[in-house]
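>>> sequence plus predicted model, see below.
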Amino acid sequence: MSQTWDYIAKIVSLGDSGAGKSSLTVRLCEGRFSPHHDVTIGVEFGSRIVPVGPPASLSLNINSPTSKGNTVPLPNASNATSPTRPQQQKHMKLSLWDTAGQETYKSITRSYFRGASGALLVFDITRRSTFLSATSWLRDLRQIAEDGIIVVLVGNKSDLASASTVSPSSPSQDSPEGKDNKRQVTKEEAEEWCRENDVMQYVETSAKSGEGVERAFLEVAERIYQNIEAGKYDLNDRRSGVKGPGAGGGNTARTVNLGINDATGGKKGQQWRGGCC
């Protein structure tokens, strides 16, 4: 069977418990949302194959040489859309490691930061405390992961924030902002935090509706691909978090390990297999 991907990259999701890390992984891999997901114990795993580099990336304005914040221009990017020289689309298999957010499991989950090439640092935009914790999570990640790990800050649960401004402390139930807006962190504040902490990008998502979810993962994948093209990884060194052609034997099996009871009919210990990637 022919290999369906060109690279494998290890991506970790981290952040406080209840921020929606598991829901984002399930939404990306399964296209569904479960309002009652078991608390992650240790780490859960999922995977997804995504297109990286041109021509697909040009439509996203991530890898485009004119893209704002693009720090590693792709070689021969000007030829990506040439009618006489069509670019062959590359694909990356994202190996997604969803880590537990409780303090109880922190010593376990931190070990999974090793060998990661990218990370989604997730907080809940309706709970300011989860945003304030992001600095501590980032510090832990950078102490353990390899230098230069790609980090994207993700503000989840945007479906609960109808406005871009923070909801008033005593909202009027008669006003749209008071009734529907539970936002406690603004986009501007999160973007400023990214600048101060040298984090690549801020993306808002809703695991419930799916809005922004693929974008968040693609932001990480594209920047890892940029680093691959720039020769920044040793594809034979497992510590880089990236593998090249030939790794894994081209296995196209589709597997997602969810919570203990999620999608298993409530039976502990069962492993649910579905159409992920």
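Nice, I can see it. Numbering: from 1, shown residues only.
>>> can you list the weak-confidence ranges in this structure?
1-3, 35-43, 63-86, 101-109, 169-179, 246-277 (pLDDT under 70).
>>> which stretches of it form strands?
Remark: strands assigned in the chain by DSSP state E are 7-14, 43-52, 90-99, 118-124, 150-156, 201-204, 242-243.
>>> please name every helix or strand in contact with the second one.
Read that as strand 43-52. Identification of packing neighbours for strand 43-52 by 3 or more CB pairs under 8 Å, 6 or more residues apart in numbering; DSSP states H and E yields helix 21-30, strand 90-99, helix 213-229. (C-beta placed from N, C-alpha, C; glycine too.)
>>> repeat for the third one
In terms of contacts (3+ CB pairs under 8 Å, 6+ apart), strand 90-99 is packed against strand 7-14, helix 21-30, strand 43-52, helix 213-229.
>>> could you dump the ones you listed to a markdown table with distance to Glu191 and mean neighbour count?
Listed next are the helices and strands packed on strand 90-99 as a markdown table, based on distance: least, CB to CB, whole Å; neighbours: other CB atoms under 10 Å:
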| stretch | distance to Glu191 | mean neighbour count |
| --- | --- | --- |
| strand 7-14 | 19 | 25 |
| helix 21-30 | 20 | 26 |
| strand 43-52 | 24 | 21 |
| helix 213-229 | 13 | 23 |
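>>> tabulate these (TSV), appending distance to Ile144.
Below are these laid out as TSV (distance: least, CB to CB, whole Å):
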stretch	distance to Ile144
strand 7-14	10
helix 21-30	17
strand 43-52	14
helix 213-229	17
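>>> which among those is found nearest to Thr135?
Closest of these to Thr135 is strand 7-14, at 12.3 Å (criterion: CB to CB).
>>> so what strands line up beside the closest one?
Strand 7-14 has these partner strands in its sheet, going by DSSP bridges: strand 90-99 (parallel), strand 118-124 (parallel), strand 242-243 (antiparallel).
>>> which residues does the shortest one contact?
Applying CB atoms under 8 Å, 6 or more residues apart in numbering, the contact partners of strand 242-243 are 7-10, 117, 224, 227-228, 233, 235.
>>> which of the residues you listed lies closest to Val166?
For those, the residue nearest Val166 by CB to CB is Ile224; the value is 33.1 Å.
>>> from what I see, the closest one and Lys90 are in contact.
No: using CB atoms under 8 Å, Ile224 is not in contact with Lys90; the gap is 11.3 Å.
>>> about what we covered before: distance to Ser59 for the strands paired with strand 7-14 - can I get that in JSON lines?
Listed next are the strands paired with strand 7-14 as JSON lines, based on distance: least, CB to CB, whole Å:
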{"stretch": "strand 90-99", "distance to Ser59": "15"}
{"stretch": "strand 118-124", "distance to Ser59": "21"}
{"stretch": "strand 242-243", "distance to Ser59": "24"}
